[in-house]
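# Just a sequence and a predicted model for now, questions to come.
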Amino acid sequence: MYRVMLADDERWVRLGLIQSIPWDGLGLVLAGEAADGQDAYELLLAERPDLLFLDMRMPGLDGKELLALLHAELPELLTIVVSGYSDFEYTQQAIRHHAFDYLLKPVKKEELAAVLEKAVAELARRSDERQRSAAARQDAGWFRDLLLAPTASGDASSEAKLPPAWLDRQAVVFAGRPDTYREQAESPDRLSRLREALERQRSFHLGGRWECALSPAPDGRAELIGAIAADGLPPAELQRL
């Protein structure tokens with residue numbers, strides 16, 4: 001369930017949103033309400049919701065000030081600005097900075113539904129991305145342990161526990177060095193992004209039935225070490241991959 005907060009000094013607007021949002025249909029739950037910008041700020045920090053409906057003109061902190069604070073302290077929060085036609089230029093400026101989307105008062109149900117569907121899709125995408133990143137870190141953990149575990153018999157599985165999907169399958173190990181300039185420019189989640197790129201290609205290679213693990217080289221150099229496992233590894237398929 002994604003948690004939603006409403007910040008608007010007009011109670012009828014908050015009630016209208018509560019009555020119009022398809023909570024169960026979109027997997028949403030109300031996390032709180034605020035009629036004042038300062039109260040909203042404090043409640044947001046305490047509750048840390050996923051989605052915020054924000055009026056641009058409120059006592060205390062106005063919407064623009066609140067957006068600036070939230071951008072720094074809750075960067076993952078999705079904010080949907082709610083404003084009147086007279087505030088539209090002000091709202092556009094705020095959106096260019098930090099807001100996810102906007103709605104004009106009076107809020108129409110069909111427009112609310114469209115914006116919410118887009119917001120929920122974005123939240124789901126972020127959730128999937130976090131799960132893939134976690135899987136990549138887990139892969140790097142067991143794979144790095146395997147790389148660091150020398151064996152006398154040459155059977156790596158005797159020293160490191162392989163995930164079930166890797167057992168009784170052919171595997172190939174590869175190494176690569178990223179471009180030096182890009183290595184300096186890219187952020188540390190390079191492995192996660194590379195894994196995501198490989199996942200997008202999954203269905204096009206080896207019938208989609210293959211596993212991949214990535215890890216920094218155990219000697220601390222810039223190289224990436226990876227492994228691919230499948231029931232069969234035709235050289236032509238590997239070359240395309």
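Sure thing, it's come through.
# tell me the mean pLDDT over the host helix or strand of Val173?
The secondary structure element spanning Val173 is strand 170-176 (assigned by DSSP states H and E). Per-residue pLDDT over strand 170-176 has a mean of 85.
# Could I get the pLDDT score of Thr180?
In this model, Thr180 is scored at 51, pLDDT.
# Same question for the one 3 residues further on.
What the model reports as pLDDT for Glu183 is 48.
# re earlier: and the strand holding Val173, which strands flank it?
Here the strand partners of strand 170-176, with direction, are listed using DSSP bridges: strand 224-230 (antiparallel).
# List the contacts of the strand it pairs with.
The list of residues contacting strand 224-230 from outside it, by Cβ atoms under 8 Å, 6 or more residues apart in numbering, reads 143, 147, 165-166, 169-178, 190-191, 194, 206, 209-218, 238, 241. For glycine as for every other residue, the C-beta is placed from the backbone atoms N, C-alpha and C.
# now do 6 Å
Among residues not part of strand 224-230, those counted as contacts by Cβ atoms under 6 Å, 6 or more residues apart in numbering are 166, 169, 171-176, 206, 210-215, 217.
# Please pull up the helix or strand immediately following that strand.
Downstream of strand 224-230, the next assigned helix or strand under DSSP H and E is helix 235-240.
# List the buried residues for that next one?
Within helix 235-240, the residues that qualify as buried by neighbour count (16 or more other Cβ atoms under 10 Å) are Glu237.
# what's the average pLDDT for the helix or strand hosting Gln19?
Assessed by DSSP H and E, Gln19 sits inside helix 11-20. Taken as a whole, helix 11-20 has a mean pLDDT of 96.
# Now that helix: buried residues?
In helix 11-20, residues buried by neighbour count (16+ other Cβ under 10 Å) are 13-14, 16-17.
# out of the residues you listed, which one sits closest to Leu45?
Within those, distances to Leu45 taken as Cβ to Cβ reach their minimum at Arg14, with 19.7 Å.
# Contacts only, for the closest one.
Applying Cβ under 6 Å, 6+ apart, we find Arg14 in contact with 6, 8, 33.
# The protein: helices as residue ranges?
Using DSSP state H, the helices assigned to the chain run over residues 11-20, 23-26, 37-47, 63-73, 88-97, 109-147, 180-185, 190-200, 235-240.
# Lowest average pLDDT across those?
Among the helices of the chain, helix 180-185 carries the lowest mean pLDDT (a mean of 46).
# what's the burial count for Ala72?
Ala72 has 9 neighbours, counted by other Cβ atoms under 10 Å.
# Report the separation between it and Leu66.
Using Cβ to Cβ, to the nearest Å, one obtains 11 Å as the distance from Ala72 to Leu66.
# measure the residue nearest the centre of the chain to Arg209 for me?
Centroid check for the chain by Cα atoms, centre = their mean gives Arg126 as the closest residue, at 2.3 Å. As judged by Cβ to Cβ, Arg126 and Arg209 stand 28 Å apart.
# Could you list everything the closest residue to Arg169 other than its chain neighbours pairs with in the sheet?
Ranked by Cβ to Cβ, 6 or more residues apart in numbering and with sequence neighbours excluded, the top spatial neighbour of Arg169 is Ala229, at 4.5 Å. Ala229 forms beta bridges with Ala171, Glu211, as assigned by DSSP bridges.
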